[in-house]
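**Student:** quick one, structure for this:
(chains A, B, C and D)
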There are 2 protein chains.
Amino acid sequence: MEELKKRILLVEDDPNFGTVLKDYLMMNDYEVTHAKNGMEGFEKFKKDDFDLCILDVMMPYKDGFTLAKEIREKNSDVPIIFLTAKTMKEDVLKGYKVGADDYLNKPFDSEVLLMKIKAIIQRKATETISDSKQFEFKIGRFDLNSKLRFLRFDGGDPVKLSPKENELLRLLALHENDLMPRELALTKIWRDDNYFTSRSMDVYIAKLRKYLKLDPKVEILNIHGEGFRLVIND
Amino acid sequence: MEELKKRILLVEDDPNFGTVLKDYLMMNDYEVTHAKNGMEGFEKFKKDDFDLCILDVMMPYKDGFTLAKEIREKNSDVPIIFLTAKTMKEDVLKGYKVGADDYLNKPFDSEVLLMKIKAIIQRKATETISDSKQFEFKIGRFDLNSKLRFLRFDGGDPVKLSPKENELLRLLALHENDLMPRELALTKIWRDDNYFTSRSMDVYIAKLRKYLKLDPKVEILNIHGEGFRLVIND
DNA sequence: CGTTTTTGTTAATGTAAGGTTAAAAGGTAA
DNA sequence: TTACCTTTTAACCTTACATTAACAAAAACG
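**Tutor:** Numbering: from 1, shown residues only, chains lettered A, B, ... in the order given. Below you'll find the model as predicted:
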């Protein structure tokens, strides 16, 4: 299976340092989005799905703590590492208050940063086993093998799903009977949330409905303005 | 409601440091169980239910990492903080591998420890809150699922509610049998309080009454000039 | 009382979101 | 390159939703 690169949001206003750090991280096989200030950082965060945020504390307009608070409101799960020139205790405390996962004082050893990144991402990964390890689903009379992208009805001939069909159905299955927010699919699968990706998703919902029609007890319901719900009626 | 003290398992072999730390934590309103080594620590862990473990890494017989592994096998959920004299990179990484929630190098600032404890426990708490509590209501013979926006009568077919219907009924349910002020709904749901939003709200009250008519014991009463009251008659 | 204000209810309207199909664009391997 | 598969974009239609208007009924108030 294709191993997906981990995505890091780096928010750092110093252009030199930011660029260097970005390059260093990219050399180490991370996909890095670099935002030059808190405002831009939040915009990018909203539009995408990151595995980790690295925030500079001292920034014009919007400091790292404020940004972290906004990020926490939207997604309480993503790990956050703060970078700061200060070694002030108050700052450390403030960082932990908004839910920092770690803390680094500038200048810092880049190897240490790398290690912390690995450790934190790894921890999240093991915490979320249920999320990453589930590739097989029973959906009414269907079996979905999300690794092989097969959808099989009643043990018969499997249909091959396209990558997007597969991912979307998998996300729905992970939220079986519950709301699968539009936004979630768009950021996770399409990696962008706009009018066109949204319409594209609707097209895929239609395709999935066509596949699933074979079992009348399985349906994808829409919750207007919120998302979709994969329900299995008994 | 009685607020329960959080329980901490402290495993630290240095008797002086351990006692001081225990006292300090107890002064800060935690219930602390102090074990003098890894073996004892695991025994105490098995016998009780803790909100947090603080483990010294360097201990005779059984070091902190080994203990952490055993703890993780039994209860993968409890947060763990490591204390260590070492600042070795390998140790930090090893700690995170067994699922540390945080890490402190001795000597450390006790205030920082306290803050980390608070942050970690609080994080766990918010993670654990099954948000179902704020989104599911029983209203007479109805069930309101406010997240999925449906209203079900006697376990039958659920009716879909529009966002405004849903929010309004939820607000009423939150104030069951009590006054739900007009102004509250208008500011919270309509985000504006004027003649037109007020009339719009009245329209929605009418819609809700239509839905709720199925159960004669449930009614929405008006309190002239004040607001509405969702009552369930016995 | 009559009058004003508030509320009850239904229907009409405009806009936004979603459903569906087909064509265009993009990608990839033979 | 062609051929094939996937994804996006476009077009058109349906449904869902919120607001507003219109008129009726209560309640408050002089």
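
**Student:** how about the residues of chain A by DNA strand C?
**Tutor:** Contact residues, chain A versus DNA strand C (C-beta under 7 Å from any atom of the strand): A:182, A:198-199, A:202-203, A:205-206, A:209-210, A:222, A:224-227. Any C-beta I mention is one placed from the backbone N, CA and C, and that applies to glycine too.

**Student:** residue contacts, the closest residue to DNA strand C within chain A?
**Tutor:** Chain A approaches DNA strand C most closely through residue A:222 (3.6 Å), counting by C-beta to the nearest atom of the strand. The contact partners of residue A:222, taken as C-beta atoms under 8 Å, 6 or more residues apart in numbering or on different chains, are A:205, A:228-229.

**Student:** so for whatever helix or strand it lives in, what gets flagged as buried?
**Tutor:** Using DSSP states H and E, residue A:222 sits in strand A:218-223. In terms of neighbour count (16 or more other C-beta atoms under 10 Å in any protein chain shown), strand A:218-223 has its buried residues at A:218, A:220, A:223.

**Student:** out of the residues you listed, who's near chain B?
**Tutor:** Among the buried residues of strand A:218-223, the residues that sit close to chain B (C-beta under 8 Å from any C-beta of the partner chain) are residue A:223.

**Student:** save the buried residues of strand A:218-223 as CSV, and put in pLDDT too.
**Tutor:** CSV is the format used below for the buried residues of strand A:218-223 (pLDDT from 0 to 100):
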residue, pLDDT
A:218, 97
A:220, 98
A:223, 98
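
**Student:** quick check: bridge partners of the residue of chain A closest to DNA strand C?
**Tutor:** Taking DSSP bridges as the rule, residue A:222 bridges to residue A:228.

**Student:** where do the strands sit along chain A?
**Tutor:** The residue ranges that make up the strands of chain A, judged by DSSP state E, are A:6-11, A:30-35, A:52-56, A:80-84, A:102-105, A:136-139, A:142-145, A:150-153, A:158-160, A:179-181, A:218-223, A:227-232.

**Student:** show the average pLDDT along the fifth one.
**Tutor:** Read that as strand A:102-105. In this model, strand A:102-105 has a mean pLDDT of 69.

**Student:** so residue A:153 makes contact with residue A:142?
**Tutor:** Yes. Contact status for residue A:153 versus residue A:142: in contact at 5.5 Å, counting by C-beta atoms under 8 Å.

**Student:** overlap in contacts of these two?
**Tutor:** Contact criterion C-beta under 8 Å, 6+ apart; residues shared by residue A:153 and residue A:142: A:214-215.

**Student:** neighbour count for those two, which is higher?
**Tutor:** Comparing residue A:153 with residue A:142 by neighbour count (other C-beta atoms under 10 Å in any protein chain shown), the higher total belongs to residue A:142, at 21 against 17.

**Student:** tell me what that one is bridged to.
**Tutor:** In this entry, residue A:142 is beta-bridged to residue A:139, residue A:153, by DSSP bridges.

**Student:** any idea how far it lies from residue B:28?
**Tutor:** Remark: distance between residue A:142 and residue B:28 (C-beta to C-beta, to the nearest Å) = 54 Å.

**Student:** kindly report the same for residue A:56.
**Tutor:** 32 Å.

**Student:** neighbour count: these two, which is higher?
**Tutor:** residue A:56 (25 against 14).
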